[in-house]
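Chemist: here's my sequence, what's the structure:
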Amino acid sequence: MPVQSWFNRIWYGRASPPWWLLPLSSLYGAAVGSRRYLYSKGLRRSIRVPVPVVVVGNLSVGGTGKTPLVCWLASHLAERGFKPGVVTRGHGGASGVARIIDASADPDAVGDEPVLLVRRSGAPVAVGRDRPAAAQLLVNAGCDVVVSDDGLQHYALARDCEIVVIDGERRFGNGSLLPAGPLREPEGRLAAADAVVLNGGRTPLDGTFSMRLDAGSASSVTGGAVKALAKFAGHTVHAVAGIGNPQRFFDMLRAHGIDVVAHPLPDHARLRAADISFGDQCPVLMTEKDAVKCAGIAGPNHWYVPVTASFAEGESKVLLDIVTRAMSMRAARA
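Modeler: Have a look, this model is predicted:
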């Protein structure tokens, strides 16, 4: 059994964590708490850039829907007259030097999510392990607000607003800290956030904004063709997903009446031709994050499914008001 599958069975299933993981979680929790305390008391330095910083992050390991929310937020801030830029670490990329990238950037060098962000957000994207340095590049480029994709636990970059995203189906798993559970920080950390967003799920969670990820079409990986997902209904497809929660992608396709042969891959997996070729004529549908890595190995039968974040009526404005209010408070203190 792959390591990630073994952990997921413990974190989100009914299997109890092995006893030897529990003391490791205690050590992890002590380290996380100490680190946050040092930053909160100024014993470790948080660097503040000259513009407001909005962090979109999560408490748990794996995909919760942060990246679609970052794209949504950048787009709506731009509609309100701001010039947002997006900063991200670039997980999986080989280059650690802070830089602003464009749509032609190599995912192997900068990571798959930064390439997706620059193609979908409509905003400048800076990538780098040194988040304050990357954020400063955006300021130098004329951005008047920085949106951080992930980074909730990266306190070196001072922030003015925090949005935490929760997977509405998996929630907090068994509620334990890493490695016995999926949590990077205890659930109590939510109390310090400015807003909490629940991505999907059947049961609402009090005090949260309800977000859903909408998908209605598939785009050709090799060209500009677009095809309604309804056209795939009743047909068998191979579905490839190298994301934090591949099951969400497979379930979404099945909800459109598509017969799915699932091919889950590790998050941020570097794809080879063998990973997306299955020796038959069935279409291959993949996530947009996977598609950015497949330009040189995909054929005419390969499609990706973009998703767009949306909110229940009225919640969109309230969430944006929370963000812009935090930005205004920063401006008033400056």
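Chemist: can you show me the strands along the stretch 101-250 of the chain?
Modeler: According to DSSP state E, counting those that start in this stretch, the stretch 101-250 of the chain carries its strands in the segments 125-127, 145-149, 161-167, 195-199, 209-214, 217-220, 226-228, 236-241.
Chemist: any idea which of those strands gets closest to Ala312?
Modeler: The closest of those to Ala312 is strand 209-214. By CB to CB, the value is 4.9 Å. Every C-beta, even on glycine, is put in place using the N, C-alpha and C of the backbone.
Chemist: elements contacting the closest one?
Modeler: strand 195-199, strand 308-311, helix 315-333 (3 or more CB pairs under 8 Å, 6 or more residues apart in numbering; DSSP states H and E).
Chemist: please identify the most buried of these.
Modeler: strand 195-199 (a mean of 23; mean count of other CB atoms under 10 Å).
Chemist: adding distance to Leu38, write the helices and strands packed on strand 209-214 out as a markdown table.
Modeler: Formatted as a markdown table, the helices and strands packed on strand 209-214 follow (distance: least, CB to CB, whole Å):
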| stretch | distance to Leu38 |
| --- | --- |
| strand 195-199 | 25 |
| strand 308-311 | 34 |
| helix 315-333 | 23 |
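Chemist: name the helices or strands packed onto the helix or strand that contains Val261?
Modeler: Element membership for Val261 (DSSP states H and E) is strand 259-264. The elements that strand 259-264 packs onto, with contact taken as 3+ CB pairs under 8 Å, 6+ apart, are strand 236-241, helix 246-255.
Chemist: and the contacts of the helix or strand that it is followed by?
Modeler: Toward the C-terminus, strand 259-264 is succeeded by strand 284-287 as the next helix or strand (DSSP H and E). Strand 284-287 has contacts (CB atoms under 8 Å, 6 or more residues apart in numbering) with 218, 221, 232, 237-243, 249, 253, 258, 276-278, 294, 301-305.
Chemist: starting at the chain centroid, how far to strand 284-287?
Modeler: Centre-to-centre, strand 284-287 and its host chain are 18 Å apart (CA atoms, centre = their mean, to the nearest Å).
Chemist: how about the CA coordinates for it, as CSV?
Modeler: Provided in CSV are the C-alpha atoms of strand 284-287 (Å, rounded to 0.1, in the frame of the first residue of the first chain):
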residue,chain,number,x,y,z
VAL,A,284,-8.6,10.9,-20.5
LEU,A,285,-9.9,13.7,-18.2
MET,A,286,-7.5,15.3,-15.7
THR,A,287,-7.3,18.3,-13.3
